[in-house]
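Chemist: Structure for this input, please:
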Amino acid sequence: MPPVNGTFCVTVMKDRCINARMPGKCATCVEVCPYNVYAIDRAGQVHTQNYNACVGCRICSEFCPEDAIRINPAESEFLVRSPWTFPQVEEIHHKALTGEYMLRGFGTMGGYVPSFDNITIVPSQISSPAPRDKYREECNMEVVIGEDTCEHPIRLHYPFVFAAMSFGALSKEARMALAIGAAQTGILSCTGEGGLVQDETWLIKGFENRERTLKRWEPGGYLVVQWSTGRWGVSADYVRAGDAVEVKIGQGAKPGMGGHLLGAKVTAEVAAVRGIPIGSDALSPCRYYDVTEPADMKRMVAFIRDVTDYQVPILFKLGPSRPYEDIKACVEAGADMISIDGLVGGTGASPAVVTQGVGIPTVALIPPAVQALKDMGVHHKVKLFVLGGMRSGLDAYKAMAMGADGVGFGAAAEIAMGCRACMACHAGRCPYGITSQDPELRARLNPVEAGQQLANFVKATAEELKILTMLSGHDDIRDLSEEDLRAMEPNIAAITGLKLVGYERRLPLWENGAGNGSNGG
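Modeler: A predicted model of the protein is given here:
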């Protein structure tokens with residue numbers, strides 16, 4: 001008997017096992033296991049004789065003719081086997097067998113990523129402005145975008161947006177639900193780079209019919225159309241259909257790369273909207289080939305403003321790269337609002353190696369981004385929205401106290417519609433109909449019901465933000481500041497420049513100005 005070195009549980013499903021039904025008929029697991037985990041008795045019945053001897057090689061499961069064996073870790077593999085966990089081993093097997101890298105949806109998962117969780121809020125008491133009464137007093141949460149640059153600025157009822165998620169990556173029903181959710185909460189929803197679902201144009205204004213004669217949802221929201229490197233479905237009519245135009249530079253899940261929409265999700269309807277052949281992969285370029293220097297970006301923004309007749313704001317979407325310099329470049333190009341997406345930001349499809357290993361954590365992007373806006377004298381004039389793993393009013397408060405004007409929800413919006421974060425968005429088989437183009441699966445998502453769930457999520461999150469804003473002595477989200485926060489551990493204090501709890505000062509590297517991000521982001 002080998003020494004006991006296993007940390008795995010062995011489960012044999014008797015209803016599938018040949019030996020359980022016909023003793024002596026099959027003993028494959030006994031034959032292939034070199035560790036004597038299994039044994040066969042005189043009656044020909046197989047049983048597990050030594051669970052502790054299982055080392056997790058899964059040879060029994062691979063050879064079982066009925067796939068009746070499951071081997072599961074008894075303890076977290078990240079504690080006892082990292083870095084060679086089962087998922088990592090299987091990824092290498094996949095590459096070895098196919099010659100292909102792994103694709104998946106969503107954003108960075110697992111491991112240590114610096115986040116808002118290690119930041120706490122400082123409530124008001126005797127020595128600070130008195131707390132406000134959430135139940136009896138009002139709290140201003142409006143955000144205005146483009147008030148000095150266009151004829152029709154956006155006035156968000158709450159400091160939230162639904163992040164860009166394209167038609168194709170999402171089903172038509174999911175896009176419609178986002179529009180309905182935005183209509184009920186007075187926020188904006190961005191089309192992403194997949195072109196325009198016509199239904200969105202009236203749903204987001206609260207109408208349930210194309211003629212706009214039946215108003216169902218108040219107060220109405222805002223539709224942002226995205227201008228991206230692939231320019232899928234882009235035309236003058238498309239650009240003019242939005243309440244704003246977002247210029248996509250990058251995104252959190254795959255910075256430095258363009259969008260990925262696999263051919264399996266390019267149905268006739270998606271192909272017609274995007275202007276590509278049915279079943280073809282839609283792979284956006286990683287950059288604008290007609291933009292080679294900052295002056296080109298300025299000309300592109302000027303062109304969009306001309307096409308829209310200076311009626312609507314121009315927004316920018318950044319991935320997590322060098323926030324100080326990137327923010328300055330967007331301001332110089334003429335941005336009215338900049339969304340910056342951290343490495344936890346999600347996607348419909350991305351190489352796993354990029355999603356897991358590229359980019360800057362969301363919480364680390366904010367200080368240099370805010371500093372860039374301050375250095376250019378436009379902080380809170382050019383609006384800064386933070387995306388990438390935002391989950392709640394607590395996250396929103398912390399981002400805004402660090403200097404952002406609002407936050408965006410992408411993955412959280414999908415989850416509000418019913419998503420379970422299984423990371424298989426790219427496959428097009430979403431069982432909830434959110435990221436699928438299969439008619440049978442899409443039929444499971446009711447846009448009106450999902451839109452109501454999105455509205456409920458936004459309103460509940462806004463109430464959380466209101467509670468936290470008022471208990472810290474403010475009645476306006478614009479009054480939040482770093483003084484309302486404390487870092488709970490030194491790493492977060494070093495990354496963010498927040499005062500360290502108990503120390504009640506910024507760390508020395510921030511006090512002398514070296515940590516503000518202006519030296520390279």
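Chemist: correct me, but G497 touches R486?
Modeler: No - if you go by C-beta atoms under 8 Å, G497 and R486 don't touch, sitting 11.8 Å apart. (C-beta placed from N, C-alpha, C; glycine too.)
Chemist: More neighbours: which of the two?
Modeler: Neighbour totals were compared for G497 and R486, and G497 leads with 23 against 19 (other C-beta atoms under 10 Å).
Chemist: Report pLDDT for that one.
Modeler: On the pLDDT scale, G497 is placed at 96.
Chemist: cool, S76 as well?
Modeler: Among the per-residue scores, S76 shows a pLDDT of 81.
Chemist: separation between it and V37?
Modeler: S76 sits 21 Å away from V37, taking C-beta to C-beta, to the nearest Å as the criterion.
Chemist: Neighbour count: these two, which is higher?
Modeler: V37 (23 against 11).
Chemist: ok, now which ones touch that one?
Modeler: 10, 29, 48-51, 53-54, 60 (C-beta atoms under 8 Å, 6 or more residues apart in numbering).
Chemist: ok, how many other residues are close to G168?
Modeler: Applying other C-beta under 10 Å, we find 31 residues neighbouring G168.
Chemist: my bad, should have said Q452
Modeler: Q452, neighbours per other C-beta under 10 Å, totals 16.
Chemist: who's in contact with it?
Modeler: Here Q452 is in contact with 180-181, 184 (C-beta under 8 Å, 6+ apart).
Chemist: Export these as TSV, with columns for neighbour count, distance to P23 and pLDDT.
Modeler: As requested, these are exported to TSV (neighbours: other C-beta atoms under 10 Å; distance: C-beta to C-beta, whole Å; pLDDT from 0 to 100):
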residue	neighbour count	distance to P23	pLDDT
I180	28	59	97
G181	31	58	97
Q184	23	62	97
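Chemist: before we move on, what SS does I340 have?
Modeler: Secondary structure for I340, judged by DSSP: H, G, I helix; E, B strand; the rest coil, is strand.
Chemist: residues in contact with it?
Modeler: 318-320, 323, 326-327, 365-366, 369, 384-387.
Chemist: Looking at these, spot the one nearest V80.
Modeler: The closest of the contacts of I340 to V80 turns out to be P320 (C-beta to C-beta; 31.6 Å).
Chemist: Could you report the separation of the closest one from P368?
Modeler: 11 Å.
Chemist: what's the burial count for the residue nearest to E218 when sequence neighbours are not counted?
Modeler: Once flanking residues are discounted, E218 sits nearest to G206: 5.9 Å by C-beta to C-beta, 6 or more residues apart in numbering. By other C-beta under 10 Å, the residues close to G206 number 21.
Chemist: Also D133?
Modeler: Per other C-beta under 10 Å, the neighbour tally for D133 reads 11.
Chemist: got a list of what it touches?
Modeler: Residues in contact with D133 (C-beta under 8 Å, 6+ apart) are M470.
Chemist: Secondary structure class of it, three-state.
Modeler: Going by three-state DSSP: D133 is coil.
Chemist: if you skip the residues just before and after it, what's nearest to R287?
Modeler: T229 (6.3 Å).
Chemist: the bottom helix or strand of this protein by mean pLDDT?
Modeler: helix 77-80 (a mean of 76; mean pLDDT, DSSP states H and E).
Chemist: So for N519, what's the pLDDT?
Modeler: For N519, pLDDT reads 52.
Chemist: try N5
Modeler: 49.
Chemist: and what of H426?
Modeler: 84.
Chemist: Verify the contact between it and G346 for me.
Modeler: No - using C-beta under 8 Å, H426 is not in contact with G346, being 11.6 Å away.
Chemist: State the mean pLDDT of the strand or helix carrying Y324.
Modeler: When elements are assigned from DSSP states H and E, Y324 belongs to helix 323-333. Computed over helix 323-333, the mean pLDDT rounds to 96.
Chemist: what's the answer for stretch 124-139, then?
Modeler: 91.
Chemist: In it, which residues are buried?
Modeler: Using 16 or more other C-beta atoms under 10 Å as the test for burial, stretch 124-139 gives 124, 131-132, 134, 139.
Chemist: Using CSV, lay out those together with distance to P447.
Modeler: Shown next, in CSV, are these (distance: C-beta to C-beta, whole Å):
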residue, distance to P447
S124, 42
P131, 40
R132, 37
K134, 33
C139, 31
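Chemist: so how far is K248 from N36?
Modeler: 58 Å.
Chemist: Who has more neighbours out of the two?
Modeler: K248 (24 against 12).
Chemist: what stretches of the stretch 301-450 of the chain score poorly on pLDDT?
Modeler: Within the stretch 301-450 of the chain, no stretch falls below the threshold (pLDDT under 70).
Chemist: repeat that for 90
Modeler: Where the stretch 301-450 of the chain drops to pLDDT under 90, the residues are 343-359, 420-429.
Chemist: Just checking, which helix or strand succeeds the longest helix anywhere in the chain along the chain?
Modeler: Ordering each helix of the chain by length in residues (DSSP state H) puts helix 447-471 first. Along the chain past helix 447-471, the next helix or strand (assigned with DSSP H and E) turns out to be strand 485-487.
Chemist: contacting residues around the nearest residue to L445 once chain neighbours are set aside?
Modeler: Spatial nearest neighbour of L445, excluding adjacent residues (C-beta to C-beta, 6+ apart): G433 at 3.5 Å. The neighbourhood of G433, defined by C-beta under 8 Å, 6+ apart, consists of 171, 173-174, 441-445.
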